[in-house]
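1. I would like to see how this sequence folds:
(2 chains)
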Amino acid sequence: MTEHAIVAENLTYRYGELVAVDDVSFYVKQGEILGFLGPNGAGKTTTVRMLTGQSRPHEGRALLLGLDIAQDTSAVQAQIGVCFEVTNLYEQMSAAENLALFAQLYDVRNLDVDALLRRVGLSGRERDRVGAYSKGMKQRLMVARALAHQPRILFLDEPTEGLDPVSAEAIRNLVLEERERGATVFLTTHDMLEAERLCDRVAFIHQGRIAALDTPHSLKQRYGTRLVEAQVATESGALETRQIVLDEPETPGALQSLFSQEQVVTIHSREASLEDIFIQITGRGLA
Amino acid sequence: MRARRILALLTKDLLHTSRSVIIVFAIVIPLVASLVISLLLGTLFADAPRLGVVDLGASALPGALADVDYLSVRTYDDAALLVRDVEAGALDMGIVLPDGMDEAMAAGHPVAVDAYVWGESLIRDRTTLATALLRQMMDLAGREIPVMVETTLLGEGEAVPWAERLFPLVVIMTIIIGGTMVPATSLVQEKQGRTLGALTITPVTLGDVLISKAAVGMLITTVMGIVILALNQAFGAHPWLMMGLVALSALLAAEGGVILGTLVHDISTLFTVVKAIGILLYAPAIFYLFPELPQWVARLFPTYYMLGPIVEISLFGAGWGDIVGDVAILCGLIVVAGLGAAVVASRAAARG
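-> Residues are numbered from 1 along each chain as shown, chains lettered A, B, ... in the order given. Next up is the predicted model:
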């Protein structure tokens, strides 16, 4: 059994003259959650489309569970679950009917629809038409659909985008439960806090290329700057902010002078966020 | 496995998209059109074909004809009265049997029969009457006999009644709405609702989806086609052949629907395209509607081969030998459309 659930080798995809994904290579270990972070148009969705067999790479290849997705598309697709960013449920059908249909397509016998819907917090609404669901409920149902056949790899494309905190939290918990089950998760998100909380490693994609790929901790170690941020009261009574960079030779002296010469009102340390690091690496934000 | 997935998709379409407007149209429009035509033109629940007989001798034929359960036979003493009733539409056909006819038939001599046909009678009734008449004469003679029928058309009506002119239009509507529009609309709705992407990310291929869509269209069209033929009592003398023809026509229409649905991306464009090519789809029915137009032109339209064999059997009493050429062309078109659908599908799959 291969150690890597996903191996991307020199993936390239073009839309006419535009190179959307440019020679991208990475791997995802079995049971790992990889966060794929980047601004709109960076190439995230195109990469996911190539990895899931929806688009054929113009160059390179993607191996999932040791199989080339372009050659063994159906065999691979039987073992992956995909939750799309945009709702694509049968809205005239009920949640139970949606799940039952996809279970049939994956050849899953005896799917416990009630248990699955309970997991995503939709218990009691299984007979309602999906068209009457809120966005959060639809998103949770799409996650449930992606889990119906207990996939070995789960692709989640912006699963919490625009959701209320309760729905978003329910989905995050499901992602963690899936990792506990042994599934590999490929998560694309804009939400840096979510990525930090869920992902074992994160990849920054920018202009179709991977700009950095490592654990959140390592990225912060490598690129982040630790600060002490203090609010001080001036003689006029106004508040001003002072920032002192940690890990510099002059840091102890600067801290000492802060406390001896200024009237410190509040003080706290601040670690660089993934977004800060993304900006530092790529020169632009994630929005 | 693949068959099971296709069956699951087909069942989903039949059960859960049955409230879609186009499926309602596919069922309701042919039924309503058929009923309206029947009610307006009085062909619904029409009686058995009505035959009047004047026997100038002592033939056994009137008695034999009276025993045929699918005919309504009335005997007359006076040929003038018979002609008057035919002119008034009280009879579909009246025949005058010459004196000594049975003896002439028994001797194998040619027999001449005068026949008066009401101009507004249904062609299928005329066909039924003529067939029954010749069969009974052969039974009486005990062998093939030469019979000369001198036909006179009476009454104010046109040679082809309106009910029969409109019948091909109902048939082609049934085939096009059910066979072409249902798969095309369903496919475009899957694209617009993005559910097609959700399906093709599973082990289901685009080909499986297209086959299931075509099967839904074919199934609805075949069932509705049989219902329409039954309502119009239009199975002719070959009901099984007719059902086969309906299924073949439905298959060609469904292939067209799949090609259309694969190429078009939204419902508005689909309906615009169908409106634009509508005249080409329905043209053969227009030629049946106006028999004075040169009928050979209808054969230039592919949809003629869906419609022609069915109409020829139901209205004009054609047999297998009469339509075999058209059916061969229909089968050829099915193969070509199938290949076309496969090419379009593989290009769409490659595009993602």
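
2. residue contacts, the residue of the stretch 51-200 of chain A found nearest chain B?
-> In the stretch 51-200 of chain A, the residue that lies nearest chain B is A:N88 (3.6 Å; CB to the nearest CB). Every C-beta, even on glycine, is put in place using the N, C-alpha and C of the backbone. Residues near A:N88 by CB atoms under 8 Å, 6 or more residues apart in numbering or on different chains: A:M142, B:G193, B:R194, B:T195, B:G197, B:A198.

3. how close does it get to A:S218?
-> A:N88 sits 36 Å away from A:S218, going by CB to CB, to the nearest Å.

4. likewise A:Q139?
-> Between A:Q139 and A:S218 the computed distance is 31 Å (CB to CB).

5. tell me which of those two has more neighbours.
-> Taking neighbours as other CB atoms under 10 Å in any protein chain shown, A:Q139 and A:S218 compare with A:Q139 leading, 27 against 13.

6. now that one, nearest residue through space, not along the chain?
-> Leaving aside its chain neighbours, A:Q139 sits nearest to A:L163 (5.8 Å; criterion: CB to CB, 6 or more residues apart in numbering or on different chains).

7. that neighbour contacts A:K135, correct?
-> Yes - here A:L163 lies in contact with A:K135, judged by CB atoms under 8 Å, at a distance of 6.8 Å.

8. so between the two, which is more surrounded?
-> Set A:L163 next to A:K135 and count neighbours by other CB under 10 Å: A:L163 wins out with 20 against 13.

9. helix or strand: which one has that one?
-> Here A:L163 sits in a region with no helix or strand, counting by DSSP states H and E.

10. identify the residue nearest whatever residue of the stretch 101-250 of chain B ends up closest to chain A in space, chain neighbours excluded?
-> Nearest to chain A in the stretch 101-250 of chain B, going by CB to the nearest CB, is B:R194, at a distance of 3.6 Å. Nearest-residue entry for B:R194: A:N88, 3.6 Å, with adjacent residues in sequence omitted and distances by CB to CB, 6+ apart.

11. got the phi/psi numbers for the one you found?
-> Phi and psi for A:N88, reported as degrees, to the nearest 10, are phi -140, psi 60.

12. one more: A:R127?
-> Main-chain dihedrals, A:R127, degrees, to the nearest 10: phi -90, psi -10.

13. what about the nearest residue to it once chain neighbours are set aside, distance to A:R129?
-> Distances taken as CB to CB, 6+ apart put A:S94 closest to A:R127, at 5.1 Å, once the chain neighbours are dropped. Separation of A:S94 from A:R129 (CB to CB): 6 Å.

14. which of these two has more residues huddled nearby?
-> Between A:S94 and A:R129, counting by other CB under 10 Å, A:S94 is the more crowded of the two (21 against 14).

15. show me the contacts for that one.
-> The contact partners of A:S94, by CB under 8 Å, 6+ apart, come to A:E126, A:R127, A:D128, A:R129, A:V130.

16. A:A203 too?
-> Here A:A203 is in contact with A:F26, A:L34, A:G35, A:F36, A:L37, A:I210, A:A212, A:L213 (criterion: CB under 8 Å, 6+ apart).

17. which of the three states applies to the last one?
-> Here A:L213 takes the strand state, with states given by DSSP: H, G, I helix; E, B strand; the rest coil.

18. before we move on, what about the third one?
-> A:G35 carries the three-state label strand when classified by three-state DSSP.

19. do A:S123 as well
-> Here A:S123 is recorded as coil under three-state DSSP.

20. and it, how far from A:L116?
-> A:S123 sits 10 Å away from A:L116, going by CB to CB.

21. and if you look at B:V216?
-> With CB to CB as the criterion, B:V216 and A:L116 are 28 Å apart.

22. now do the strands in chain B.
-> B:50-55, B:72-76, B:93-97, B:111-118, B:147-154 (DSSP state E).

23. quick check: A:S123 touching A:A115?
-> No - counting by CB under 8 Å, A:S123 does not reach A:A115; the two are 9.0 Å apart.

24. of these two, which one has the most company?
-> Using other CB under 10 Å, the more surrounded residue of A:S123 and A:A115 is A:S123, with 13 against 9.

25. how deep is the residue nearest to that one when sequence neighbours are not counted tucked in, by neighbour count?
-> Sequence neighbours aside, A:L117 is the residue nearest to A:S123 in space, at 5.5 Å (criterion: CB to CB, 6+ apart). A:L117: 20 surrounding residues under other CB under 10 Å.

26. repeat that for A:Q263.
-> A:Q263 has 10 neighbouring residues, counting by other CB under 10 Å.

27. identify the residues contacting it.
-> A:V232, A:A233.

28. any idea how far A:S236 is from it?
-> A:Q263 is 12 Å from A:S236, where distance means CB to CB.

29. and if you look at B:L81?
-> Relative to A:S236, and taking CB to CB, B:L81 is found at 126 Å.

30. neighbour count: those two, which is higher?
-> Neighbour totals were compared for B:L81 and A:S236, and B:L81 leads with 13 against 5 (other CB under 10 Å).

31. where's the more buried one relative to B:V149, distance?
-> Separation of B:L81 from B:V149 (CB to CB): 20 Å.

32. next one: B:A283
-> Taking CB to CB, one finds B:A283 at 35 Å from B:V149.

33. which parts of chain B sit against chain A?
-> B:1, B:4-5, B:8-9, B:12, B:16-17, B:19, B:193-195, B:197-205, B:350, B:352 (CB under 8 Å from any CB of the partner chain).

34. which among these end up buried?
-> By neighbour count, with 16 or more other CB atoms under 10 Å in any protein chain shown, the residues of chain B next to chain A hold B:5, B:8-9, B:12, B:16-17, B:193, B:195, B:197-205 as buried.

35. show me what the top helix by length along chain A is packed up against.
-> In chain A, with assignment by DSSP state H, the single longest helix is helix A:165-181. The helices and strands touching helix A:165-181, judged by 3 or more CB pairs under 8 Å, 6 or more residues apart in numbering or on different chains; DSSP states H and E, are helix A:135-147, strand A:153-157, strand A:184-189, helix A:192-198.
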